[in-house]
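Peer 1: Build me a model:
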Amino acid sequence: MTNKRFVLVATVSTDNPKAIRPVLEKIIGHLGSFKEASTKDADRKGKGEFLVQAEFEGLSAKDLNRFLLSALRSAEKRTRMRAEWSSGDTTERYFDYVLKKTIKK
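Peer 2: Okay, the predicted model is just below:
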């Protein structure tokens with residue numbers, strides 16, 4: 001099988017943004033960008049949210065999604081990810097490890 005190019009747009013929510021930031025820098029740093037989105041409620045509770053945009057190469061969106069979420073959860077167990085992986089005319093939406101929707105253009 002050949003690798004495909006996927007465009008990722010994701011929101012990562014976590015209870016410990018300080019633990020997640022280095023993982024995002026390592027994985028996303030050279031493939032795209034991420035920024036911390038703050039909300040008053042999240043800041044007050046010490047929680048955080050990151051907006052991620054990047055390009056990856058891999059066999060499937062499922063494999064890439066699992067790789068990224070597993071790496072994030074190794075740093076902080078209570079991390080959630082809503083992700084859209086697009087390649088060609090297909091977009092797959094995931095919540096954590098679960099495929100929620102596949103869209104063909």
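Peer 1: Name the helix or strand of this protein that has the lowest mean pLDDT.
Peer 2: The helix or strand of the chain with the poorest confidence is helix 40-45; it has a mean of 55 (mean pLDDT, DSSP states H and E).
Peer 1: ok, residues contacting the lengthiest helix in the chain?
Peer 2: Assignment by DSSP state H gives helix 61-75 as the longest helix of the chain. Contacts with helix 61-75, where a contact means CB atoms under 8 Å, 6 or more residues apart in numbering, come from 6, 8, 10, 12, 14, 16, 19-20, 22-24, 27, 56, 58, 79, 81, 83, 85, 87, 92, 94, 96-97, 99. C-beta coordinates here come from the backbone N, C-alpha and C atoms, glycine included.
Peer 1: Please spell out which residues along that helix are buried.
Peer 2: Within helix 61-75, the residues that count as buried by 16 or more other CB atoms under 10 Å are A61, L64, N65, L68, L69, L72, R73, A75.
Peer 1: for the record, mean pLDDT for that helix?
Peer 2: In this model, helix 61-75 has an average pLDDT of 97.
Peer 1: quick one: strands adjacent to the helix or strand that that helix is followed by?
Peer 2: Sequence-wise, the next helix or strand downstream of helix 61-75 (DSSP states H and E) is strand 79-87. Applying DSSP bridges to the sheet, strand 79-87 is found paired with strand 4-14 (antiparallel), strand 90-95 (antiparallel).
Peer 1: buried sites along the first one?
Peer 2: In terms of neighbour count (16+ other CB under 10 Å), strand 4-14 has its buried residues at K4, F6, L8, V9, A10, V12, S13, T14.
Peer 1: can you list those residues in TSV and add distance to E36 and pLDDT?
Peer 2: Putting the buried residues of strand 4-14 into TSV (distance: CB to CB, whole Å; pLDDT from 0 to 100) gives the following:
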residue	distance to E36	pLDDT
K4	29	96
F6	23	98
L8	17	98
V9	16	98
A10	13	98
V12	10	97
S13	11	96
T14	10	95
